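Novice: quick one: sequence and predicted model below, then my questions.
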Amino acid sequence: MERRTALVSALFGVSLLAVAVVSAQGHESGMIASGPPEDIVLEVTTGSNGEPVVSQEEFRLVLGGYYRFNLVCSDAVDDLTGFHFEAPELLANSHLRVVSVGDIEVYLQGMSFRAIECDEVGSARFSFHPMRAGEYTLYVRDHSDPPQEAFVRVIVE
């Protein structure tokens, strides 16, 4: 009986080791980088017809990297001239860490938010780890009816 117990324990240990090795090799989507976040900046300005103009149309990120996304609205004046920003797919596939507006930081630890609006000059930022590879669209619109739009592509590899 002791021999059987020892054999079962040994097999169980080998099984756990095999699962750990396979997980470490094949499950990169759960890996998270450490250290300070890498800043990426998207500035939104107003075009000649009031449309949102984005400073960059594409970002390439590394799966599991740590990023701080900075949304900068440098010329919004009021509710009529501001911008609305959304990144639903990117946020759904990322581990969100901190959202901050000015000097106020909100530590969400995995929770999410729906949108950021700039109704005056300022900036907002959020730090995150992308957890799934893919291509995601960021959406920026003004407050007109119908809204004028701009899109930014985020590629996570």
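Specialist: Thanks, I have the structure now. Residues are numbered from 1 along each chain as shown.
Novice: what ranges does the protein have for its strands?
Specialist: Using DSSP state E, the strands found in the chain span residues 38-46, 52-54, 58-61, 67-73, 83-86, 94-101, 104-107, 116-118, 122-130, 134-142, 149-156.
Novice: by mean pLDDT, show me the worst of these.
Specialist: Mean pLDDT values for those show the minimum at strand 104-107, a mean of 87.
Novice: tell me the buried residues in that strand?
Specialist: By neighbour count with 16 or more other C-beta atoms under 10 Å, strand 104-107 contains no buried residues. Glycine gets a C-beta too; all of them are placed from N, C-alpha and C.
Novice: go on, stretch 124-138?
Specialist: Buried positions in stretch 124-138, judged by neighbour count with 16+ other C-beta under 10 Å: 124, 125, 126, 127, 128, 129, 130, 131, 132, 136, 138.
Novice: please apply the same query to stretch 113-124.
Specialist: 116, 117, 118, 119, 123, 124.
Novice: mind listing what residue 82 touches?
Specialist: Residue 82 sits next to 73, 76, 117, 118, 119, 120, 142, 143 when contact means C-beta atoms under 8 Å, 6 or more residues apart in numbering.
Novice: lovely, talk soon.
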